[in-house]
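Q: Need a 3D model of the following:
(chains A and B)
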Amino acid sequence: MLAAANFAAGQPGSSPSNDAERAAGEKIFRSHCASCHGLNGVGGSGPSLTTGIFYHGSTDTDLYRNISEGIPGTAMPDQFFSSAQLWQIVAYVRSISSHPLQPRATGDAAHGAQLFRANGCLQCHLVRGEGGVRGPDLSLIGSQRSPAYLRESIVDPGKVVAPEYWVAKIVTKDGSRRTGFILNQDSYSLQLLDFDAGLRMLQRSDMKDFGIDRGSIMPSYKGKMSEGDLDDLVAFLASLERPREIPK
Amino acid sequence: MKLILLLGTIGALWSQVSYERLLKSAAEPHNWLTYSGSYRSWRYSTLDQINRDNVSALRVAWVKQMPTSHRIEATPIVVDGIMYVSEPPSNVFALDAATGRPYWHYKRSLPAYNVCCDAVNRGVAVSGDRVFVGTVDAHLVALSAKTGAVLWDVPVADPKTGYSVTGAPLIVKDMVITGIAGGEYGIRGFLDAYDARTGERRWRFNTIPGPGEKGHETWPTKGPHADAWKQGGGSTWVTGSFDPELNLIIWGVGNPSPDWNADVRPGDNLYSDSAIALDADTGKLRWHYQFVPHDSHDWDAVQVPVLVDSDWHGRSRKLIYWAHRSGFYYVLDRTSGEFLLGKPFAKQTWATEIDSKGRPINLPNTEPTVEGNVVWPGVQGATNWYSPSYSPLTGLFYLTVWENKGFYLKGEPKYTPGNRYVGSVPDIDMADDPGYGAIRALNPKTGEMVWEHRTFTKPWSGVMATGSNLLFGANGGWLNRSAREDSEAYFFALDAQNGKELWRINLGGTMASNPMTYMISGKQMVTMAAGSALFTFALP
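A: Modelled structure (predicted):
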């Protein structure tokens, strides 16, 4: 990071100038990146940048390239900042990716794995080939969300619910009821992951009643688990990381 | 003598698109000779073989899959059985209009280029036996209509500093009129006229006036931002219209730069977000009308001006119908630019009204802020560049509408040549309220909505009315940014009188183009692009 910032400034580095680079990067981040990555980079429709793990390369050069050129096949667009501005953004992203407010999980991951199974989490969540479809796939969740976010999701699962996990509740004109996730929809039809019947195509013209519950179907584990067990469960989830990239 | 006549006849068989033919394009509805179908830009065809009774039988006649990975935004030109259509970024096909089989393919090798919003092209122009195309590396190219060979290739501007050409040129007399894109790169916009024969530039109108030019006083002239006009934006990336009687080229001008932070450019920032009317021979400004003074929401005036001669409060006038990106529908007098009507056609929360002089009365707290500010319409507007249509049969004005909000952030723009100069990235398509789309019919005299056909997603396509009271449109939009791959892709025909859907087909790819129609071997064809393919439909 320091090397990057210094390279951008084109002069020998000192702490104040690095702070200035980072501050300049933060300003750009707030106005250009936060709408997807969230204020302070904690994630939104785009991934969290606070975990220290980057799927598409984690060197400064990788970050620079991904911000400058975008990431093909993802929603990450190219941005066309000047070289100096790009390094400022890199400097800022580096600073939040090792943020002191984002401590690593400290619990016993092996015990957490047992708790995960014992509490029936696999009924709804998929973890590396095993599990259900009524909740997010957690196979790489340690790379995608911070431990603090994971803890919050366990004790207050309804706080942030991504739209793909909003539950559609539909009554068709023939009286049958369907509940599930909307995989896709258009002006005329809806492609449903029906919790009971699997993939189902529904025509809007066949629907009598159509509602969307934006809450979470996951029960809260607040007060149902000791703080120690919660730490262990978070540690297990945080351990579900994407393998580190092979250095180029 | 007979021999000469015979040669003359043979010569006439090879389609020379004269200025006379362009002026009288309505007399040959089997062809589609300009971007919007005529100089009046009604995107209306008198063809009526496909009608409300038989449209349900419409089926695919041919498909042309293009090698490109970019979406097709072009409206094809059809001249006597040959279709000329651009393939993005800057290639051109000549196709047999009956079968889609290619005659030739101009493939441009491109250096590095800067475009804000995908490397696209909205079509070609044809004059004489030449085909003209603008390129993303900011050149204008003349091709032989017979072979696709390059006849001339001239630079319009420097692509390294963010200039590109994405719009279709317009032929006026013996000139090729082209606009310029780059409003997100701090360009200084212009409209150019080139000699169709030589490629020599005849005139340039700078849309951002410099020192000594009228309108420069609407930019900072001293202090730290005295040079803001040099990067003032004002692109011209959608094809305008032409009034031969007034000898006026009427064209829309894009946003001022930087888009979402207006602090460096206090003032009205002429001629951004304006309709401009230029003398066709000299390029001199006859009049202008600015829809949004001092814009900070990227609400370009890049709509197609629809020219209609009609009664206005008891007096026959030469009018322009214009539904602007900011959510207001306007009627202007095209002789003088006089403002006649301004009325919302979609939800908007930035102005109380347009006053009697035509100036919007802005509501407070609607500018972008560091924390962000929610305003209707969103950054893609309540409508955008896709074409409207006017039908003389119904007397209605048709357009594609987005009902949506935007979250406008303000950052600190810094100009560096060739890099984006925008000030922030606003958020749209928010999951909590992504909005919806519609095809709407307005009474053009009042701006009142007559009917609407709602679409679940927000369309990126224009509309076309026909002489059998059909209105073709599409809903190929996406629900939100994360679901772009899952955009819907229905091409449909509505009853132009009441909006009832009469036919539709799922074309399976993003539609960001405009329908057009022509006739060949006694059959009416309707063409629409979806994804990187061109679909043409006809009755069995």
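
Q: what residues are up against the residue in chain B positioned nearest to chain A?
A: Of all residues in chain B, the one sitting closest to chain A is B:G411 (2.5 Å; Cβ to the nearest Cβ). Yep, even glycine has a C-beta here, placed from its N, CA and C like the rest. Residues near B:G411 by Cβ atoms under 8 Å, 6 or more residues apart in numbering or on different chains: A:27-28, A:30-32, B:260-261, B:370, B:423-424.

Q: That one: what's its closest spatial neighbour, skipping adjacent residues?
A: Closest residue in space to B:G411, ignoring its immediate chain neighbours: A:S31 at 2.5 Å, by Cβ to Cβ, 6 or more residues apart in numbering or on different chains.

Q: same question, A:K159
A: A:E152 (6.1 Å).

Q: For the chain, give me the ranges with low pLDDT.
A: Just going to use chain A. Applying pLDDT under 70 to chain A flags the ranges A:1-17, A:45, A:73, A:79-80, A:98-103, A:243-248.

Q: Chain B is the one I meant
A: B:1-15, B:477-486.

Q: tell me, what residue is most central in it?
A: B:V238 (3.6 Å; Cα atoms, centre = their mean).

Q: and A:D229, that's in a helix?
A: Yes - looking at A:D229 with DSSP: H, G, I helix; E, B strand; the rest coil, it is inside a helix.

Q: wait, isn't it in contact with A:L115?
A: Yes - contact between A:D229 and A:L115 holds when scored by Cβ atoms under 8 Å: they sit 5.7 Å apart.

Q: Endpoints of stretch B:270-282, how far apart?
A: 20 Å (Cα to Cα, to the nearest Å).

Q: what comes up buried for that stretch?
A: B:270-278, B:280 (16 or more other Cβ atoms under 10 Å in any protein chain shown).

Q: What of stretch B:257-271?
A: B:257-262, B:264-265, B:267-271.

Q: filter those down to the ones near chain A?
A: Counting by Cβ under 8 Å from any Cβ of the partner chain, nothing from those sits close to chain A.

Q: possible to save those as JSON lines with secondary structure?
A: Output for the buried residues of stretch B:257-271, formatted as JSON lines (three-state DSSP):
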{"residue": "B:S257", "secondary structure": "coil"}
{"residue": "B:P258", "secondary structure": "coil"}
{"residue": "B:D259", "secondary structure": "coil"}
{"residue": "B:W260", "secondary structure": "coil"}
{"residue": "B:N261", "secondary structure": "coil"}
{"residue": "B:A262", "secondary structure": "coil"}
{"residue": "B:V264", "secondary structure": "coil"}
{"residue": "B:R265", "secondary structure": "coil"}
{"residue": "B:G267", "secondary structure": "coil"}
{"residue": "B:D268", "secondary structure": "coil"}
{"residue": "B:N269", "secondary structure": "coil"}
{"residue": "B:L270", "secondary structure": "coil"}
{"residue": "B:Y271", "secondary structure": "coil"}
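
Q: Tabulate those residues in JSON lines, adding columns for distance to B:G378.
A: Converted to JSON lines, those look like this (distance: Cβ to Cβ, whole Å):
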{"residue": "B:S257", "distance to B:G378": "19"}
{"residue": "B:P258", "distance to B:G378": "18"}
{"residue": "B:D259", "distance to B:G378": "13"}
{"residue": "B:W260", "distance to B:G378": "12"}
{"residue": "B:N261", "distance to B:G378": "17"}
{"residue": "B:A262", "distance to B:G378": "18"}
{"residue": "B:V264", "distance to B:G378": "23"}
{"residue": "B:R265", "distance to B:G378": "22"}
{"residue": "B:G267", "distance to B:G378": "25"}
{"residue": "B:D268", "distance to B:G378": "23"}
{"residue": "B:N269", "distance to B:G378": "21"}
{"residue": "B:L270", "distance to B:G378": "25"}
{"residue": "B:Y271", "distance to B:G378": "24"}
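
Q: doesn't B:P368 make contact with B:S296?
A: Yes - B:S296 is in contact with B:P368 according to Cβ under 8 Å; the separation is 5.7 Å.

Q: what's the overlap in contacts for the two?
A: By Cβ under 8 Å, 6+ apart, the residues touching both B:S296 and B:P368 are B:260-261, B:408.
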